[in-house]
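Colleague: Predicted structure and sequence below. I'll ask about it afterward.
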Amino acid sequence: MLSNHFQNGIETARLVWSRLPNSDDGALDEVGLSKKSDGSGAESLDYEVIENNAYREEQAQRGKFMVGYYVVVKWFFALLIGVGTGLAAVFINLSVENFAGWKFQVTFSIIQKSYVAGFLIYILFNLLLVFSSVYIVTQFAPAAAGSGIPEIKGYLNGVDTHGILLFRTLIGKIFGSIGSVGGGLALGKEGPLVHTGACIASLLGQGGSTKYHLSSRWLQVFKSDRDRRDLVTCGCAAGVAAAFRAPVGGVLFALEEVTSWWRSQLMWRVFFTSAIVAVVVRTAMGWCKSGKCGHFGSGGFIIWDISGGQEDYSFEELLPMAIIGVIGGLLGALFNQLTLYITYWRRNYLHKKGSRVKMIEVCIVSLITSVISFGLPLLRKCSPCPEAELNSGIECPRPPGMYGNYVNPHICVALPKANPSMKKEDPQPGTLVDSSFMITWSVIWIEDQENILFLGRMKELNFYCSKDNEYNDLATIFFNTQDDAIRNLFSAKTIHEFSAQSLLTFLVMFYSLAVLTFGTAVPAGQFVPGIMIGSTYGRLVGMFVVSFYKKLNIEEGTYALLGAASFLGGSMRMTVSLCVIMVEITNNLKLLPLIMLVLLISKAVGDAFNEGLYEEQARLRGIPLLESRPKYQMRTMTAREACGNKKVVYLPRVVKVADVVSILQSNEHNGFPVIDHTRNGESLVIGLVLRSHLLVLLQSKVDFQHSPLPSEPRGGGNPIGHNFSEFAKPVSSKGISIDDIHLSSDDLEMYIDLAPFLNPSPYVVPEDMSLSKVYNLFRQLGLRHILVVPRASRVIGLITRKDLLIEDNENSDAVELQSTSIGRQDRKVSMRDSHDEHPLLNGLLVKEHSSS
């Protein structure tokens, strides 16, 4: 009977597995991002203002009330982003800590009887959590894989990777992070929280999700990529602030690492969003102090508070600290290179075999991680705990992560009074033993009517140790949650708490696991694994410094902190934001100069070998990031040389519908120059029309006309049949395709006048301009197209700084600019008529080169 049931179970499992969807058709790429039908995984964004007639009409209808309304809405959205990201972070932390707490609690209770049974339960628990994560990602939200920071950095740089800001991506990121982090993999939740904040901001910017019927027209205010970019920037800062409880670090992270464009107004809103996140997280933690959060525990706002550590440092310590910076740069650069090779192999070989292979891969990685984290501590000998003395500050390592992410250094234990006349001085230090943990108490804290509350210090679980006053140093960092392991590594007044052999073993194994886990199909961050790797070799260096200098004021935990900063600097190449984050999460401002020192050294060493982690991964994913500085060879190249010999595809002002359809079907360009002819036959560039706008015109058909002549004079201001919101691109989606539009034979014979719908003032550069100047213009303005034109034949004016200092004129409705005319007397040009008086660079002939 038992064999029959077992056989039936196997057959059922096979049936369920065979029905799992497989992605062998190539719809999903190697990193879990959906590809478009044209094979491209990314599309450029256009942060330029399209000043067509629809935009002008919308601006003309805006009064002072509407301008103020939009400003208020932006601040209100910043508030909602902060609240939403803070709540998402609290939910993820609560779930991760409780799952980890239940896992360790069950495992501890079982290993008291059998280590083999506890080992199997531990593996099974991790496999279930990790499998739930990879299943959600591969079958529901492919874009939720990885940290998401390279994709968000690309979005803010002007590249939209399809699917990264959808509602299902948000859900997959939240629940996938819970499974992957709670399952004990060598990854963190900080990177996914940045992606989570960006998704929340983007969904608010588009008014919700129409696919899942979670939208509201009251929130559908911002339609341009510029406004959505600002909201996503707020979301990125909120994610870092929620992950580390570092609001200032979140602002600097958004400024230094992810954004390519910044202004003072955005700084205010980002700072406000980060402050809201801090308030939400702090309020939730205060609520958890009542014990309603399970294993989440209670504690302070600082994650790894080491303010009571090393007070000062000597000049002799600067050399080993500089060595830590060099080690961080070398190991960080090596980490980037190894992950690049492994991710490339996964991209081109492993992940092309479908979703089942991705699931099997993650489960195998989980199995390896569980075996190492449980098995290696069993091979280590136990160490005796230091004698607990009153007010000594010396305590045993924290027990494995069943006491929560924010637990205080001490725990209050209530014992019933044995004698009503018992006094506070009566109890002697002793031990309270539980089935799963042990607490050593030494001091009476407070007394009520029924109980005496003792202030205790928690000791390591008796993990494979024969005596109660012993602990396993490798178990405190391996068989533990990452946050609690980092607390042990950062701990002060714990000299010789870890042996060099244990730290070296952990460094090699965890480094290998972090490299192996990176790039799997689960949400994964690299902040916390990087901190663990760096703090391990930092503490190793600290042990040698303590034994060499033999000074009592040197703390090994201080060197662990510097090691964590050095590895993150050597891998991610951040400086200012990372420095502030490290200070905020440790509450030790005295170490700021030392953190700055190791960051500068580690970044310099890492830059000598390769680029940062996010830049390398973005390039591997095919995200064309424009870095802050152009390549050196661009100084000797011109804009004409960059255009090459490609033929420019342009449209006449009045174009036949059949010609528009043919052009859209024959190429994939997203912008087309529009030309017109003067009375004497000269060709004029009158603007640039976008592919998405042409598709809107073809789909609506309301602007079709029978006449091949212009419907109005150039620059006319007659109303059009479209509002500005109709031309807005859907957030992170394909939008309209030419294959989705159906036209009759009569429609194809009609014409469209493109003048009301084109951008009459795109950015243009002369053909002999240096390519480095074109690069800076393109990146700093967030452009998608730049027209390259011949050298101008004449100059109609020259604008200086004083011409841009506009003052309101009470006697006239028009705002005037003082422009300097060349070869003529000074004259005043009205801004109101400037668009109508001259087309784009009137008089320039465009025959060969432009930008499509």
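Modeller: Sure, I can see it.

Colleague: and Pro652, how many residues sit next to it?
Modeller: 16 (other C-beta atoms under 10 Å). Every residue, glycine included, has its C-beta placed from N, CA and C.

Colleague: Could you list which residues are in contact with the residue nearest to it when sequence neighbours are not counted?
Modeller: The spatial neighbour of Pro652 that comes closest, neighbours along the chain excluded (C-beta to C-beta, 6 or more residues apart in numbering), is Ile675 at 6.2 Å. Residues in contact with Ile675 (C-beta atoms under 8 Å, 6 or more residues apart in numbering) are 650-653, 683-686, 846.

Colleague: host element of Ile675?
Modeller: strand 671-677 (DSSP states H and E).

Colleague: Show me the shaky parts of the stretch 101-250 of the chain.
Modeller: Counting by pLDDT under 70, the ranges of the stretch 101-250 of the chain that qualify are 208-220.

Colleague: What helices and strands are in contact with the top helix by length along the chain?
Modeller: Counting residues, the longest helix found in the chain (DSSP state H) is helix 64-111. Under the contact criterion of 3 or more C-beta pairs under 8 Å, 6 or more residues apart in numbering; DSSP states H and E, helix 64-111 touches helix 115-139, helix 167-182, helix 190-205, helix 225-244, helix 264-287.

Colleague: nearest to Thr107, of those?
Modeller: helix 115-139 (4.7 Å; C-beta to C-beta).

Colleague: Please identify the buried residues of the closest one?
Modeller: 118-119, 121-123, 125-138 (16 or more other C-beta atoms under 10 Å).

Colleague: follow-up on the earlier one: how far away is the residue nearest to Pro652 from Gly188?
Modeller: 54 Å (C-beta to C-beta, to the nearest Å).

Colleague: tell me the pLDDT at Phe727?
Modeller: On pLDDT, Phe727 comes in at 70.

Colleague: OK, contacts around it?
Modeller: Per C-beta under 8 Å, 6+ apart, neighbours of Phe727: 50, 52, 54, 690, 692-693, 696, 757.

Colleague: Looking at those residues, which is nearest Thr638?
Modeller: When those are compared against Thr638 (criterion: C-beta to C-beta), the nearest one is Leu690, at 26.1 Å.

Colleague: Look up the residues forming beta bridges with the closest one.
Modeller: For Leu690, the beta-bridge partners under DSSP bridges are Gly671.

Colleague: show me what contacts it?
Modeller: 46, 50, 670-671, 727, 759.

Colleague: Now a ChimeraX select for only the buried ones of the residues you listed.
Modeller: Buried subset of these, written as a ChimeraX selection, criterion 16+ other C-beta under 10 Å:
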select :46,50,671,727,759
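
Colleague: In this protein, where is pLDDT below threshold?
Modeller: Ranges of the chain meeting pLDDT under 70: 1-41, 208-220, 296-302, 307-311, 386-464, 466-468, 551-552, 712-726, 728-735, 807-852.

Colleague: Glu470: neighbour count?
Modeller: 18.

Colleague: Gly250 too?
Modeller: Quick note: Gly250 (other C-beta under 10 Å) scores 34 neighbours.

Colleague: is it true that it touches Val240?
Modeller: Yes: with contact defined as C-beta atoms under 8 Å, Gly250 counts as touching Val240 (3.8 Å).

Colleague: who touches both of those two?
Modeller: Ser274.

Colleague: What's the separation between the closest residue to Gln699 other than its chain neighbours and Leu694?
Modeller: Excluding the flanking residues, the one nearest Gln699 by C-beta to C-beta, 6+ apart is Ile741, at 5.3 Å. Distance, Ile741 to Leu694, by C-beta to C-beta: 10 Å.

Colleague: Compare the two (neighbour count), which wins?
Modeller: Taking other C-beta under 10 Å, Ile741 and Leu694 do not tie; Leu694 has more neighbours (24 against 18).

Colleague: Name all residues that make contact with the more buried one.
Modeller: 660, 664, 672.

Colleague: So in terms of bridging, what pairs with the residue nearest to Pro652?
Modeller: Pro652, Val685.

Colleague: residues contacting Phe506?
Modeller: Here Phe506 is in contact with 474, 477-478, 536 (C-beta under 8 Å, 6+ apart).

Colleague: Now tabulate the residues you listed in JSON lines and tack on secondary structure.
Modeller: Converted to JSON lines, these look like this (DSSP: H, G, I helix; E, B strand; the rest coil):
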{"residue": "Leu474", "secondary structure": "coil"}
{"residue": "Ile477", "secondary structure": "helix"}
{"residue": "Phe478", "secondary structure": "helix"}
{"residue": "Thr536", "secondary structure": "helix"}
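
Colleague: sorry, back to before: which of the contacts of Leu690 lies closest to Phe222?
Modeller: Nearest to Phe222 among those, with distances taken as C-beta to C-beta, is Phe727, at 13.8 Å.

Colleague: For Ser761, give its distance to Tyr55.
Modeller: For Ser761 relative to Tyr55 (C-beta to C-beta), the value is 11 Å.

Colleague: same thing with Asn587?
Modeller: Taken as C-beta to C-beta, the span from Asn587 to Tyr55 is 49 Å.

Colleague: same check, this time on Ser366
Modeller: 52 Å.

Colleague: of these two, who's got more company?
Modeller: Neighbour totals were compared for Ser366 and Tyr55, and Ser366 leads with 26 against 16 (other C-beta under 10 Å).

Colleague: That one touches Gly182, doesn't it?
Modeller: No: look at Ser366 against Gly182 with C-beta under 8 Å: they stay out of range, at 11.2 Å.

Colleague: neighbour-wise, which of the contacts of Leu694 leads?
Modeller: The contacts of Leu694, ranked by neighbours (other C-beta under 10 Å): first place Phe672, 28 neighbours.

Colleague: ok, it touching Leu651?
Modeller: Yes: under the criterion of C-beta under 8 Å, Phe672 makes contact with Leu651 at 5.0 Å.

Colleague: Which residues in stretch 629-644 does the neighbour count mark as buried?
Modeller: Quick answer for stretch 629-644 (16+ other C-beta under 10 Å): 630, 634, 637-640, 642-643.
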